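# Here is a sequence together with a model predicted from it:
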Amino acid sequence: MTAFLIRLITGVHAHWIGVDAPETAASDGSPTQPRVFFANHSSNLDGPVIWASLPKEIRRRTRPVAAQDYWLRGPVRRYLARRVFNCMLVERKKVTVSNNPLRDMQTALDAGDSLIIFPEGTRDGSADGGLAEFKPGLWHLSRKFPHAKFIPVHLENLSRILPKGEFLLIPLLASARFGAPLAIVPKEPREAFLARAKTAVENLRDGVPN
């Protein structure tokens, strides 16, 4: 029901470009393969919208990675984050060795869960309005879990539906474009991998398959 309401409110349409929608989970409820959905970041709706756009069987084992300082603010957000979206809430202001988000992400992937992450690490983008440079966490996950599917996603209009600092939704149509999984190249340098990942998301913005 929550996924339906998100799709209804945002009008989001999922488009799978150059690839079929993911297969459903195995008959015993376990996922066929963990996935890391990585996307541009412009709104606090981003994670829930990607989550709501996934097939039901995949959605059940997919966890949005989200800022705890935002999602723990108030009982409604806490309930949604913990009981509905099953978010992985992470510290983004005072990151230490003990609360490094990568550790929890690796634990989730080891358990067979999939993740929704935002490699820019901010909702501000670059100076020209494009994507900011990707932070290295995505590369570290690709080295640790080369068997996972790293799927680029481009979101459109979410920053206009829920502008930064606002609480009321503006009725507009959103879109979520999913691309083919990124190829994992053994021993690929970090900068090269992150550049490929960023380009994959940018290509989806223009409707171009990877």
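Cool, got the structure.
# Residues contacting the helix or strand hosting residue 191, please?
Using DSSP states H and E, residue 191 sits within helix 190-205. Contact with helix 190-205 is made by 17, 38-40, 119, 130-131, 133-134, 136, 138-139, 142, 150, 152-154, 156, 177-179, 182, 185, 209-210, as judged by C-beta atoms under 8 Å, 6 or more residues apart in numbering. Yep, even glycine has a C-beta here, placed from its N, CA and C like the rest.
# residue contacts, residue 152?
38, 39, 178, 179, 182, 197, 200, 201, 203, 204, 210.
# in the chain, what secondary structure element scores lowest on mean pLDDT?
helix 158-161 (a mean of 54; mean pLDDT, DSSP states H and E).
# The nearest residue to residue 19 once chain neighbours are set aside and residue 200: what is the separation?
Leaving out its chain neighbours, the residue that sits closest to residue 19 by C-beta to C-beta, 6 or more residues apart in numbering is residue 180, at 4.1 Å. Distance, residue 180 to residue 200, by C-beta to C-beta, to the nearest Å: 8 Å.
# Have a look at the two and say which one is more surrounded.
Higher neighbour count among residue 180 and residue 200: residue 200, with 23 against 17, using other C-beta atoms under 10 Å.
# what's the spacing between that one and residue 59?
22 Å.
# Helices of the chain, start to end?
In the chain, the helices defined using DSSP state H lie at 2-10, 46-53, 56-59, 68-71, 75-79, 101-110, 137-144, 158-161, 190-205.
# So which of those is the most surrounded?
Sort the helices of the chain by mean neighbour count, taking mean count of other C-beta atoms under 10 Å, and helix 46-53 sits at the top with a mean of 25.
# For stretch 79-89, measure first residue to last.
12 Å (C-alpha to C-alpha, to the nearest Å).
# oh, and call the first residue 34 from now on, that's how I've got it
All right, first residue 34 from here; so that's stretch 112-122.
# Common neighbours of residue 213 and residue 233, please.
Joint contacts of residue 213 and residue 233 (C-beta under 8 Å, 6+ apart) are residue 243.
# hey, what's the residue nearest the centre of the chain bridged with?
Against the mean C-alpha coordinate of the chain, by C-alpha atoms, centre = their mean, the closest residue is residue 149 at 2.9 Å. Per DSSP bridges, the residues bridged to residue 149 are residue 70, residue 97.
# ok, it touching residue 94?
No: applying C-beta atoms under 8 Å as the test, residue 149 and residue 94 come out as separate, 11.6 Å apart.
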